[in-house]
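Trainee: Sequence and computational prediction follow.
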Amino acid sequence: MTSDADRRAIFLEEMGLAPLWVPLAAPLAAVAPVADQLAVPPAAAAQDMPATSGKPALPVMAVDLPGVARASETVGLSGNIGADAAAITAPGATAPSAAEIERMDWTQLKAAVAGCVKCGLCRSRTRTVFGVGDEKARWLFVGEGPGRNEDLQGEPFVGPAGKLLDNMLLAMGLRRGENAYIANIVKCRPIGEDGRDRPPAPDEAAACMPYLQRQIALINPTIIVALGKTAAMSLLGLEKDTALAKLRGTVHNYSGLPLVVTYHPAYLLRKLTDKGKTWTDLCLAMKAYADA
């Protein structure tokens, strides 16, 4: 049987970061020159996350979450969980107020998200994507919004980007669902005029933010990791022209919680050479977590 230490070594190698591993208790100064040490080898640039010979890959499984609507479920918006896109006609018609959301428990919150019509994203969704993981997790990872695969499965970060995120978690000694929770700024897939995924618009992010804020309050994490610029901008309340590079390398404050910004896994699939920078960010997050 493969041990956790062996798995971490495999995933660090897949991310192009082997053989370096810095224990959680190590001071950040010990990994300061990480950019020089973590150059991605040509083999990693030629093929993202190559399989390691003789080592079984851990499967990434879709999870049916209570309260997440299936595309085949068409119910009213008054109480039952789930809402077919065909039944949604008037964004904002029955949306709960921020004050109401602040009083919700997990069951009520999942039901409210599943039937939400607060913005136009409700018209084109297949499923809402509430979030997944340990509801008492110490680590919270927040992305920008669901993509096509997430919209179909009802779970955040599935497909290639989800596999890379799982590898990042395992390299940190975490697992999806074990001391980690994964969510997004918006719960419905933003689709551009070209039919492709796009970042959520500011009004869409604002409409969905009370749900995420309630998730954070219920989870009460020790630290938040913002995956990508959209997540960082929304959580920190910054202008959209703020460069992500200016946010990296600093432990920010979100309502008294440490927050670290790094690249979105989907971006890393396009820019392999920035995986080393991401590992530097994750080391900073682990240091902040230890200090907290």
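Mentor: Structure received. Residues are numbered from 1 along each chain as shown.

Trainee: distance of Pro200 from Met233?
Mentor: Plainly put, Pro200 is 10 Å away from Met233 if you go by C-beta to C-beta, to the nearest Å. No exception for glycine: its C-beta is placed from N, CA and C like everyone else's.

Trainee: ok, and the closest non-adjacent residue to Leu236?
Mentor: With sequence-adjacent residues excluded and distances taken as C-beta to C-beta, 6 or more residues apart in numbering, Leu236 is closest to His252, at 5.8 Å.

Trainee: What strand or helix carries Ala205?
Mentor: helix 202-219 (DSSP states H and E).

Trainee: quick one: average pLDDT of that helix?
Mentor: Helix 202-219 shows a mean pLDDT of 97 in the predicted model.

Trainee: Please point out which parts of that helix sit buried.
Mentor: By neighbour count on 16 or more other C-beta atoms under 10 Å, the buried set for helix 202-219 is 204-205, 207-216, 219.

Trainee: That helix: what's the following helix or strand?
Mentor: Following helix 202-219 toward the C-terminus (DSSP H and E): strand 223-227.

Trainee: Tell me which other helices or strands that next one touches.
Mentor: If contacts are counted by 3 or more C-beta pairs under 8 Å, 6 or more residues apart in numbering; DSSP states H and E, strand 223-227 sits against strand 139-143, helix 229-236, strand 257-262, helix 275-291.

Trainee: Only the buried residues of the longest one, if you could.
Mentor: This points to helix 275-291. Within helix 275-291, the residues that count as buried by 16+ other C-beta under 10 Å are 275-289.

Trainee: in stretch 238-257, what's buried?
Mentor: Leu244, Leu247, Arg248, Val251, His252, Tyr254, Leu257.

Trainee: again with stretch 98-108
Mentor: Ile101, Met104.

Trainee: what about it, how long is it end to end?
Mentor: 13 Å (C-alpha to C-alpha, to the nearest Å).

Trainee: Neighbours of Met123, how many?
Mentor: Just to correct that, residue 123 is Arg rather than Met. 15 (other C-beta atoms under 10 Å).

Trainee: Quick one: the strands in the stretch 101-250 of the chain, in order.
Mentor: Using DSSP state E, counting those that start in this stretch, the strands of the stretch 101-250 of the chain run over 132-133, 139-143, 180-184, 223-227.

Trainee: Same list (these) but as JSON lines, adding mean pLDDT, distance to Trp106 and mean neighbour count.
Mentor: Shown next, in JSON lines, are the strands of the stretch 101-250 of the chain (pLDDT from 0 to 100; distance: least, C-beta to C-beta, whole Å; neighbours: other C-beta atoms under 10 Å):
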{"stretch": "strand 132-133", "mean pLDDT": "96", "distance to Trp106": "12", "mean neighbour count": "22"}
{"stretch": "strand 139-143", "mean pLDDT": "98", "distance to Trp106": "15", "mean neighbour count": "26"}
{"stretch": "strand 180-184", "mean pLDDT": "98", "distance to Trp106": "12", "mean neighbour count": "25"}
{"stretch": "strand 223-227", "mean pLDDT": "98", "distance to Trp106": "19", "mean neighbour count": "26"}
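
Trainee: Ok, which of the ones you listed comes nearest Glu150?
Mentor: strand 180-184 (8.0 Å; C-beta to C-beta).

Trainee: That closest one packs against which elements?
Mentor: Packing partners of strand 180-184 (3+ C-beta pairs under 8 Å, 6+ apart): strand 132-133, strand 139-143, helix 202-219.

Trainee: Now do that strand: everything it contacts.
Mentor: The contact list for strand 180-184 (C-beta atoms under 8 Å, 6 or more residues apart in numbering) reads 129-135, 137, 139-146, 156-157, 165, 169, 174, 176, 212, 215, 219, 221, 231.

Trainee: Note down every partner strand of that strand and its orientation.
Mentor: Paired neighbours of strand 180-184 in the sheet (DSSP bridges): strand 132-133 (antiparallel), strand 139-143 (parallel).

Trainee: Just tell me which of those ends up closest to Asp151.
Mentor: Asp151 lies closest to strand 139-143 among those, at 13.5 Å (C-beta to C-beta).

Trainee: All set now, cheers.
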